[in-house]
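Colleague: What follows is a predicted protein model with its sequence.
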Amino acid sequence: MFTTALVAILIAMSLALARALLGPTVYDRILAINAFGTKTVLFIAVLGFFNGRPEFLDIALVYALINFVGTVAVLRFMHYPAEIFQSDNDGGGS
Amino acid sequence: MTLLIESLSWVLLVAGSLMLVVGAVGLHRLPEFFTRTHAGSLTDTGGAGLILTGLMLQAGPNLIAVKLALILLFLWFTSPTASHVLAQSALRDGIKPEAEDETS
Amino acid sequence: MLDAILGLFNYWIAIGLMMTGLYIVIAHTNLVKKIIGLNIFQTSVFILYISMGKIQGGTAPILAEGTLIYSNPLPHVLILTAIVVGVATTALGLALIVRIYEAYGSAEEDEIVNKDRRA
Amino acid sequence: MNFELIIDVVLLALLVATAIGIASLRQLFPVAMLAGIYSLLSACFFVLMDAVDVAFTEAAVGAGMVTVLFLATFALTSRTELPTRPRRRQAALIAVFLTGALLMLATRDMPHFAAADAPIHSHPLYERYTVTSNEEIAVPNVVTSVLASYRGYDTLGEVTVIFTAGIAVWMLLAGRSRRNKSAKGMQH
Amino acid sequence: MKLREEQTILRIVSKLLLPFILLFALYVQFHGDYGPGGGFQAGVIFATGIVLYGLVFGLEAAETALPPRWLQVLMPLGLLLYAGVGVANILLGGEYLNYNTLDAHDPVHGQHLGILLVELGVGITVAAVMVSVFYAFSDRGKD
Amino acid sequence: MTGLALLLEQLPALQVVLPLLAAPVCVLLRRPNLVWALSCLTSLGCLGIALTLARQIYPHGVISYAMGGWAPPFGIEYRLDELSVFMLVVVSLAASLVLIGARQSIQREIPADRIHLLYAAVLLMLTGSLGIISTGDAFNLFVFLEIASLSTYALVAMGRQRRALVAAFQYLVLGTIGGTFILIGVGLLYMMTGTLNMQDMAERLPPVLHTTTALAALAFLVIGAALKLALLPLHIWLPNAYTFAPSMISALLAAISTKVAAYVLIRFVYGIYDLRWSGLNLPLNDVLALLAVAAMLFASYVAVRQQEVKRLLAWSSLAQIGYIVLGLSLATSAGLAASTLHILNHAVIKAGLFVAVAAVLFRQGGSTLQLADLAGLSRGMPWTTAAIIAGGLGLIGVPLTAGFVSKWALLQALIESGTWLYVAALLASSLLAVIYVWRIIEACTASTGDRDIQRREAPLGLQLSIWALVAMNLYLGINSSPGMRLATEASGRLLAPTAGVPL
Amino acid sequence: MSFEPASAMLLAVLLPLAGAGLIALCHRWPNLRETVTLVTAAALFANVLTLVGPVLEGIRPDLLLIEILPGLGLRLTLEPLGMLFALVASGLWIVNSVYSIGYMRGNNEQHQTGFYVCFAIALAATQLLAMSGNLLTLLIGYEVLTFSTYPLVTHKRNAEARAGGRTYLGVLLFTSIALLLPAIVAVWYLAGTIEFRDGGVLQGMVTPATATALFALFLFGTGKAALMPFHRWLPAAMVAPTPVSALLHAVAVVKAGVFTVTKVAVYIFGLDFLSVSGAAAPMLWVAVFTLLAASLVALSRDNLKARLAYSTVSQLAYIVLGASLATSMGVAGGAFHLVAHALGKITLFFCAGAIYTAMHKTQVSELDGMGRVMPFTFGAFLVASLSIIGLPPMGGTWSKWLLMSGAADAGLTIVLAVLAISSLLNIVYLLEIPMRGFLRPPAQTGGNGGIREAPLLCVAPLCLTAAGCVVLFFYPQPVLMLLDTWRLQ
């Protein structure tokens, strides 16, 4: 049963990677890479169960987090580099 | 009871897998960026949700399930946000959501 | 024969990856790409090491109830350290690139060499 | 095991595809993200190889921090690279193939993958770490006990490396006001 | 600019996530004995949290939350903590980094204590270095 | 046991930990002069410890120190034999002598707010170098090699010209490739022997010596070390790094970095493997010797054609590295002793020359020194000129300088093994050395012509450093029996037949 | 002075060094500086003289200064040959110093302090060389001599001087590093020692072929002996001021070369071994060739100093020839020629310098009729020429005689013939100068305002050394006695 899920995830990963390599626009690539990241999270999660040692979910958790930061970083640096570099006075807030 | 949970999680896992594959095929086959965004979101939220819920059922009520829930939370928060921001900046960048025209 | 292929497959792929990384380092003139190449090169070496530590039917070396076979933890420890070394090198390399770009207005090796030659 | 082997093969194939993608793409932002993916994939591979700590680290560092740094660097420098020159490519190929050939030669007499009788598993180190450490240190995560105690000195070195990098980056990049001064100095 | 309005969602989500991330970093730091993780990973995760904050709310916001001056102290402090444990071991009559000496009666407890301190040192230095590297890079783009 | 005796036992660890502790303290202290004083004290402390260790090891043999109390091979072992303690003395001595004079020069060349970081990096480099030398663990060696390398990259990048950055980057890329090659080599060795402790490796290696894996491991280790050592043709990073680094840092690099890399090479080819093993089906000594000869001749030739003094000295260093490698490639006790001795002598000579150049630059300003800029030096800075001449004569190998003794030892070793072609190459390289040294001396004594250069001697600190190094140079040239004896004993230990070795 | 002979030896090396330091200190007071030079020279000579007595008694003072490497030390030993050389060098230094003062002041040369300092250091080096107890010490003296004379050669600091200096240094260092040093290392390796011992150290240690090769290495390696093809430095060094040329050609440098050759032949190879193994034979012919060829070149040179330089090359070959004959008679002849040629050649150079100082003439063809203007100078020139040619009643007679007997002993008739031919050539190229001076009518432009000699400080030394040439003929006993002591042992 986990096998099925793993196979499916692997197929999805391959397809996403293919899209990332094929492009054609930068956004396509980023989207694909982002989707790929999500799949990796699932992959790790399922793999833990498959191996019978599911306590290693921390890794998947980290992935989920990192994936998000990575995407934010790409968008930030691609489009608004000036903005993080410049101050944003009330931004810190709360 | 166990059997019920077992089979339920099985169903969820298979459904999730299916959704993943469909989403991935969509990501690959759909003609242009915005439609692909759609496929991507589908995978991230739907597929991931189903699979993680399936796993939660497997794990039973313990720390592992909590972690799985956290992962799910993360994904549900971050994935749409990322897609949203991505689409937004693509728009700003001048990419038009036109299905017919697949150009690079 | 098949035994040899299966038994060495991981190493061969790791070698292929190393070669790709090394190729990027040497062939590409963009300095950041060079650093990325170095990263790939190093990560591939990590793959080689980690493959070494695997034992058939083993599980992660976190002790648990029951008699389990654990994969060899030593390569893991070594690679943890090596990863850190890799990050440190990357950070320093990138900092250098930023400064180089500020000084030369370019991050392409050929252009930098040309500018120095003209100076 | 067989199914694990299939996963192993697929993951490695994906790694190769990613590496080739990195080598061939010239838009640098996607390259940085692919480098992140490369890290993620190798981390998946590490999980498969039971190296969970390594996978953890590789994910956090390779896919996270390093990718952010790459992106920041691209934002500060250029976003596309120039094509490589053929002569350079040839030189690179020669160097790479020599290295590769040497490595392939090395594999000839290697103990096979996952073989339980490989020297590294039959050396007393293995048993000491996986069995005796339970009494000596009594920390379930063997990697932690080896990392922090048996080879704690290595880890001190590791922290020193990171510290060195911190100092180095600080030395190179900190202090904007002086930078302008030194930039003037550089142009004589 | 209407940039900020466009990114409202991003801001809210990030703000929600941030406590989780920092908490998770602490968890990884102190759970390293039992599962994957340890000082290094914790430091990186902590730094990642700050990076996220900086990315979303701007560098200055991040620098107010965690001033560079602190980092300049924390960076050497972590290393000193690690190396200092070793010196303490020497003073207690053992070899360098021999944690057994930390508890005269129960060497295993000594080991635990040593590992805890050492991992803390790793975590502090790694987090400080990572954040300050990020600051240094971001700072460079302010022109 | 008294406290002092207790402390004595801990010296192998303290040797490395002392600068390791001082580096973060430097970062915390921030005051340039204070930090400088601390660095000096630390390096002098290291020198003291190294000498104390030498007094223990030379009569009594190897000291093994188990880090963390874990007996080798389970923990990391510090293993100090005659060779390593010799190197410890060389490195800490060179570091102290250079650092003593570094204050003013660094103050002039480095922005004030980075000075404390620079000294911290220097101390880290010292930590790395001492760690490499002391350790008995192959992987630990890699870690400390990277500490030393990383800090060196940063130090090189602090040069005043923008080309320093490029030089540092080039060094970083090649150095990292070298480091990774060493990592691969260590990995392959670990795969075949199951251990990381070098002693343990050496014992477990003979049965698997015939395997291609073990041979490839050796190849990777040697290539990696050669990259860090800048042995031709892997030298391209070195001339730029030496030329554009801050001048006192060039002195440190010349005295320490490549020397430690040479030590690493010796450790690999003699400590783990043994070039004399008949099972070793590699023509490794021939290859090394040929590369060394090529380095001696080609680098000397290039040095002759240089116009920039630091670059000239850098190429001369490459040639001198050739001498060191040639000696160790002979696989004889005499050859290895000659190499070891030359490591010491060349460190002293080159450090002296680079510090002298730093003194000239201190008065002249700028960051590079053309030969033509030296005109009139003998009038304005006669003592510095004298030091440059003394160092130059040492490079040639004129009697009564340290260079003569090691050249003599090397010649003798070459004649002993009947390799007359190498003798010829050594002599040819010496002749080229005459030419490039003479170009410097001629430039120093040339009249200024119409240009009027106002120069006076460098500040006391720099002079002190120069003269300490020159005095060492002459002392080692006049009374070299002790040095030679120590080097011979060191090589003797390394080549002593151990049980089960297939000679 | 009541020093132990051993301390006197050390003093002989240290005195000029101390003198050099003092001279440097007296930078600002030229008169004091020159006084220091003269006093040091005199003290050195006196000190060396004290050593003659013990050496004649057969004592060999020996002093190990320091061990550089085990068995490889700085060692001073004085044997008769070295005694002779030390005596000649220190004695002529006094004369040369006096002359230098006249010359340097007469020509208003620059950097006079540096000049005297280097001179003193060079002297220290010759003393070290003369008293060296092993090859290493000899090599050190040899190299120090090279380096300390380099600033003297390039004294003028112009492009020409620098080019000459480059050749000078290039040839000397090349030969010493590429040939001499390996020869020394080989001796060390083959014989296990590099000490100078009676009867040599190589006997029984090497095959004749190796010995031949080694001997060739030593002879060519001693670039200062100016055997062809390594003679180029000598004419190149003529850019130097004349007192320097005198030092180079008469006192220190070239004599150091031939002294090295003789000492190596006697104390490293041993004459017996040398003649039995035939190792010296090939070098004999090189010496013969150099002798003839240099004489022929000298004939074709019009520049006075260049002619004298080639004459030196030729005369040095006599001494090398003497050593290569491998008979005690030959070596004695060579050693005697070392003294005779020193006296003769220094006179000739002094004369050349005097002519330059007084008349600013450098070419032989310009000297017509000058003899009447500078009778003392040209008279001295005649005397010294005769001595070098080997005609009685001049000191050179004895050395030619000894050499010829040596050649006859060895049964080498051809060498006898060569010596005869060479003497004829000497007559032609040396006697031409006094002949022109005294017999030809003066050139049109030349003033005929009576005698116009160079300053007294220039003329007095050259008269003194010319007189020395004559004295050496009538009173050769001291030298012969020294050589006898050597032969008795």
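Modeller: Ah, there it is.

Colleague: which one is the closest residue to chain F within chain C nearest to, not counting chain neighbours?
Modeller: Going by Cβ to the nearest Cβ, chain F is nearest to residue C:103 of chain C, at 3.8 Å. All C-beta atoms are positioned from the backbone trio N, CA, C, and that covers glycine. Here the nearest residue to residue C:103 in space, its sequence neighbours aside, is residue F:162; by Cβ to Cβ, 6 or more residues apart in numbering or on different chains that works out to 3.8 Å.

Colleague: pretty sure the one you found contacts residue C:104?
Modeller: Yes - contact status for residue F:162 versus residue C:104: in contact at 6.6 Å, counting by Cβ atoms under 8 Å.

Colleague: Could you find the closest non-adjacent residue to the most centrally placed residue in chain B?
Modeller: Centroid check for chain B by Cα atoms, centre = their mean gives residue B:44 as the closest residue, at 1.7 Å. What sits nearest to residue B:44 in space, not counting adjacent residues and going by Cβ to Cβ, 6+ apart, is residue B:79, at 3.7 Å.

Colleague: Then residue F:104?
Modeller: residue F:459 (4.8 Å).

Colleague: what about that neighbour, how many residues close to it?
Modeller: Counted with other Cβ atoms under 10 Å in any protein chain shown, the neighbours of residue F:459 add up to 17.

Colleague: follow-up on the earlier one: would you agree the residue of chain C closest to chain F falls within a helix?
Modeller: Yes - judged by DSSP: H, G, I helix; E, B strand; the rest coil, residue C:103 forms part of a helix.

Colleague: for chain C, what are the low-confidence residue spans?
Modeller: Chain C contains residues with pLDDT under 70 at C:1, C:67.

Colleague: Indicate the residue of it located nearest to chain B.
Modeller: Nearest to chain B, among the residues of chain C, is residue C:64, at 13.9 Å (Cβ to the nearest Cβ).

Colleague: Correct me if wrong, but that residue is in a strand.
Modeller: No - Residue C:64: not assigned to a strand; according to three-state DSSP it is coil.

Colleague: got a list of what it touches?
Modeller: Residues in contact with residue C:64 (Cβ atoms under 8 Å, 6 or more residues apart in numbering or on different chains) are A:53, D:140.

Colleague: Angles on the backbone of it, please.
Modeller: Backbone torsions of residue C:64, given as degrees, to the nearest 10, read phi -140, psi 170.

Colleague: Whatever residue of the stretch 251-400 of chain G ends up closest to chain A: what's it in contact with?
Modeller: Nearest residue of the stretch 251-400 of chain G to chain A (Cβ to the nearest Cβ) works out as residue G:253 at 72.5 Å. Contact analysis of residue G:253 by Cβ under 8 Å, 6+ apart lists G:122, G:145, G:149, G:224, G:247.

Colleague: got it, and residue G:419?
Modeller: Going by Cβ under 8 Å, 6+ apart, residue G:419 touches G:318, G:400, G:403-404, G:407.

Colleague: Helices of the stretch 101-250 of chain F, residue ranges please.
Modeller: Residue ranges of the helices in the stretch 101-250 of chain F, as given by DSSP state H, counting those that start in this stretch, are F:115-134, F:138-157, F:163-193, F:198-204, F:212-229, F:237-244, F:247-252.

Colleague: does any part of the third one sit near chain E?
Modeller: No - if you take Cβ under 8 Å from any Cβ of the partner chain as the test, helix F:163-193 misses chain E, and the best it gets is 13.7 Å.

Colleague: can you give me the angle that helix makes with helix F:138-157?
Modeller: 180 degrees (axes from the mean of the first three to the mean of the last three Cα atoms, to 10 degrees).

Colleague: and helix F:163-193 with helix F:212-229, angle?
Modeller: Going by the same axes, to 10 degrees, helix F:163-193 is angled at 160 degrees with respect to helix F:212-229.

Colleague: Buried residues, helix F:163-193. List them.
Modeller: Residues F:163-193 are the ones in helix F:163-193 that count as buried (16 or more other Cβ atoms under 10 Å in any protein chain shown).

Colleague: so what's residue F:307 scoring on pLDDT?
Modeller: Reported pLDDT at residue F:307 in the predicted model: 91.

Colleague: if I pick it, what's in contact with it?
Modeller: Going by Cβ under 8 Å, 6+ apart, residue F:307 touches F:370-372.

Colleague: Buried ones among these?
Modeller: Buried, going by 16+ other Cβ under 10 Å: residue F:371, out of the contacts of residue F:307.

Colleague: Can you tell me which one of the contacts of residue F:307 sits lowest on pLDDT?
Modeller: Across the set of those, residue F:372 stands lowest in pLDDT, at 84.

Colleague: That one: what secondary structure?
Modeller: Assignment for residue F:372 (three-state DSSP): helix.

Colleague: Now it. Nearest residue, chain neighbours left out?
Modeller: Nearest one to residue F:372, counting by Cβ to Cβ, 6+ apart, is residue F:443 at 6.9 Å.

Colleague: I'd assumed residue F:378 was in contact with the one you found.
Modeller: No - between residue F:443 and residue F:378 there is no contact under Cβ under 8 Å: 9.7 Å.

Colleague: my guess is residue F:65 is in a strand, correct?
Modeller: Yes - Residue F:65 forms part of a strand when assessed by three-state DSSP.

Colleague: The longest helix seen in chain A - what's its average pLDDT?
Modeller: Criterion DSSP state H: the longest helix present in chain A is helix A:26-51. Averaging pLDDT along helix A:26-51 yields 84.

Colleague: how about that helix: buried residues?
Modeller: Under 16+ other Cβ under 10 Å, the buried positions of helix A:26-51 are A:26-51.

Colleague: Packing partners of that helix?
Modeller: helix A:2-22, helix A:57-79, helix B:2-29, helix B:33-41, helix B:48-59, helix B:63-92, helix D:28-48 (3 or more Cβ pairs under 8 Å, 6 or more residues apart in numbering or on different chains; DSSP states H and E).

Colleague: Single out the residue in chain C that lies closest to chain E.
Modeller: Counting by Cβ to the nearest Cβ, chain C gets nearest chain E through residue C:91, at 5.1 Å.

Colleague: Ramachandran coordinates for that residue?
Modeller: Here is the backbone geometry of residue C:91 (degrees, to the nearest 10): phi -60, psi -50.

Colleague: what about it, how many residues close to it?
Modeller: The tally of other residues near residue C:91 (other Cβ under 10 Å) stands at 26.

Colleague: where in chain D is pLDDT low?
Modeller: In chain D the weaker segments, taking pLDDT under 70 as the threshold, are D:1, D:175-188.

Colleague: which residues of it fall in helices?
Modeller: With helices called from DSSP H, chain D shows them at D:2-24, D:28-48, D:52-58, D:66-76, D:86-107, D:119-122, D:124-127, D:133-136, D:142-145, D:152-173, D:176-186.

Colleague: Could you say which one of those comes nearest to residue G:266?
Modeller: Counting by Cβ to Cβ, residue G:266 lies closest to helix D:86-107 out of the helices of chain D; the figure is 58.7 Å.

Colleague: how about the closest one: buried residues?
Modeller: Using 16+ other Cβ under 10 Å as the test for burial, helix D:86-107 gives D:92, D:95-96, D:99-100, D:102-104, D:106-107.

Colleague: What of stretch E:67-83?
Modeller: Of all the residues in stretch E:67-83, those buried under the rule 16+ other Cβ under 10 Å are E:68, E:71-72, E:74-83.

Colleague: any idea how far the most centrally placed residue in chain F lies from chain A?
Modeller: Nearest residue to the geometric centre of chain F (Cα atoms, centre = their mean): residue F:259, 2.0 Å. Going from residue F:259 to chain A by Cβ to the nearest Cβ, to the nearest Å gives 42 Å.

Colleague: Please apply the same query to residue F:488.
Modeller: The gap separating residue F:488 from chain A is 55 Å, by Cβ to the nearest Cβ.

Colleague: For the helix or strand where that residue lies, name the packing helices and strands.
Modeller: Assigned by DSSP states H and E, residue F:488 falls within helix F:481-495. Helix F:481-495 sits against helix F:32-60, helix F:82-109, helix F:333-364, helix F:402-416, strand G:62-69, with contacts defined as 3+ Cβ pairs under 8 Å, 6+ apart.
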